[in-house]
Every structure is written in C-alpha cells, then in structure tokens.
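Enquirer: build me a model from this:
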Amino acid sequence: MATVHFIQQGKGGVGKSFISSLLYQALKYHFGKEVYAFDADPINATLKGYKEFDVSRVDIMKGDNINSRAFDSVIEDIVSFPEHSHVIVDNGASSFVALNAYIRENDIVKLLSDNGSTIYFHAIITGGQALTDTVKGLKAMFMSYPSEKIVVWLNSFFGDIQVDGATFTDFQIYDDHKHQINTIIQLPEVNPATFGKDIEELCAKRMSFREGIESSKNIVVRSRLNKYWNQIISIMQQTEFVS
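Expert: Numbers count the residues shown, from 1 in each chain. All right, here's what the predicted structure looks like:
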C-alpha cells in the first residue's frame, strides 16, 4: 500500500513546508511516483498554496484540540490509496502536540502498518537561534515513536547546526537515539545572497523548481536553481523511501 510521510516539527518557520514541497516534487516529477498530499497546518497552509501540486487542506484543529473526525477521514483516504503511492502529511507547528497525541491514542501507526503502509516521520533540525527548539521537537518524536522510521533533515540556512564546534552527529540526542534514525538528509548549503535569494523567491511565489527553472528569464538564476535541484535529487536517490 501507500508509503506515508508525516512531516513534523514543534517549532515554526524552520523550513518544514519547504521540505514537504521538495519531497513532493522529487517523488512525483523525478521518481515518477503517484503522490497525494495533505496540508494540516491550521495557521499557514503553505503547501496548499502550490497550485501545481495536488494538495488537500485539512481543518485539523477545533479550538486547542484535534478535529478527530477530520483526521479520521485522512486516515481513511490513506488506506484507500493505491500500492506504491506516496502520501505527504504536512503538519503545522501549532498542531504538533495535538496531532501526535491523536496518532498515539488511536494507534494510527499500527492501523496503517496492518493495512500494508510503510510510515516515515520526518523531523527538521535547523541552525541559528531555533537549534535548541528543533532539537527538543526531535526529542519529542523519538520519545513518541520509539520503534518507527525517523528521517532527520538538517537545514543550515539559518545558521550552522553546531554547538561549540560539535555537529549534529556529536550531539547527545544523536548518541542516545541514533538507532531510531532511518536517514539523515543534509540540505545543500548555499550562499544566501545568490542561491538563497533565488530559493526564497521561488517559495514566495509557491512555484516548483521545474516551474521556476522554465519561467525564469535570467540564465544565471535558471542555472542556480537547476544546480540546487540536481543536488536534491542526488541526495534523495540515497534514501530508501524512493525505491
């Protein structure tokens, strides 16, 4: 059945929806997978904003609690999706705790697994002032899903992922939970003034890399976007979930 990707992080503004969009584009446009997506961010429906993508919006929150009926329908849809398809669930920071409580309370991982799905939880670690908060979010996922496949994305766009010269694989959280990590994906480091600016503008316009490369009037911008995209594909090819 479908392979399910839950994209989560308790800290907002760390590139979660950007990573969801990369995953969607790589799986669908490069690897030729059938991809379904749900935007479950109650505040910023970023993924839904991509007109090129087929994304369903989920009204996941009712006040401070999860709208269980709405997410029950999402799970029902996931179970019905065809074999070898992929499902991306982009969850917002504001619903991080509530959604994970719902998943645990309703044994969603077991339910999906029993119906033939493979589940991956994706967490984002970012540098800069959000480093500590994103590490805490990853810790919460490790504690919530001790037996599941967890993919860690390292996003150094906002600063180096380092503490006193120690990198992520030197952190205590890595030492304690490395047996739970399925894959570590390091996003390509870029010059903020060139590549970074191009990618920011692409995201602001809610455009895929394919669309951005085809529509850009500047040959250098096209070249930079194409180079970054090829790096993403090269990274994705090394993961088990695209096979």
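
Enquirer: C-alpha coordinates for the helix ranked longest in the chain, PDB please?
Expert: Longest helix of the chain, by residue count under DSSP state H: helix 219-236. Output of helix 219-236 as PDB, limited to C-alpha atoms (Å, rounded to 0.1, in the frame of the first residue of the first chain):
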ATOM      1  CA  ILE A 219      20.100  32.400 -17.400                       C
ATOM      2  CA  VAL A 220      22.200  32.500 -14.200                       C
ATOM      3  CA  VAL A 221      19.100  32.100 -12.000                       C
ATOM      4  CA  ARG A 222      18.000  29.100 -14.100                       C
ATOM      5  CA  SER A 223      21.400  27.600 -13.700                       C
ATOM      6  CA  ARG A 224      21.500  28.000  -9.900                       C
ATOM      7  CA  LEU A 225      18.000  26.600  -9.500                       C
ATOM      8  CA  ASN A 226      18.900  23.700 -11.700                       C
ATOM      9  CA  LYS A 227      22.100  23.000  -9.800                       C
ATOM     10  CA  TYR A 228      20.300  23.100  -6.400                       C
ATOM     11  CA  TRP A 229      17.600  20.800  -7.700                       C
ATOM     12  CA  ASN A 230      20.100  18.300  -9.100                       C
ATOM     13  CA  GLN A 231      21.700  18.200  -5.600                       C
ATOM     14  CA  ILE A 232      18.400  17.500  -4.000                       C
ATOM     15  CA  ILE A 233      17.800  14.600  -6.400                       C
ATOM     16  CA  SER A 234      21.200  13.200  -5.800                       C
ATOM     17  CA  ILE A 235      20.500  13.300  -2.000                       C
ATOM     18  CA  MET A 236      17.100  11.700  -2.400                       C
END
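
Enquirer: pull out the buried residues from it.
Expert: 221-222, 224-225, 228-229, 232-233, 235-236 (16 or more other C-beta atoms under 10 Å). To be clear about C-beta, it is placed using only N, CA and C from the backbone, and glycine gets the same treatment.

Enquirer: ok, and what's touching it?
Expert: Here helix 219-236 makes contact (C-beta atoms under 8 Å, 6 or more residues apart in numbering) with 22, 26, 30-31, 185-188, 190, 194-195, 198-199, 202, 209, 212-213, 216, 242.

Enquirer: which helices and strands does the longest strand along the chain pack with?
Expert: Using DSSP state E, we find that the single longest strand of the chain is strand 118-126. If you count contacts as 3 or more C-beta pairs under 8 Å, 6 or more residues apart in numbering; DSSP states H and E, strand 118-126 packs onto strand 3-8, helix 16-25, helix 108-114, helix 131-144, strand 149-155.
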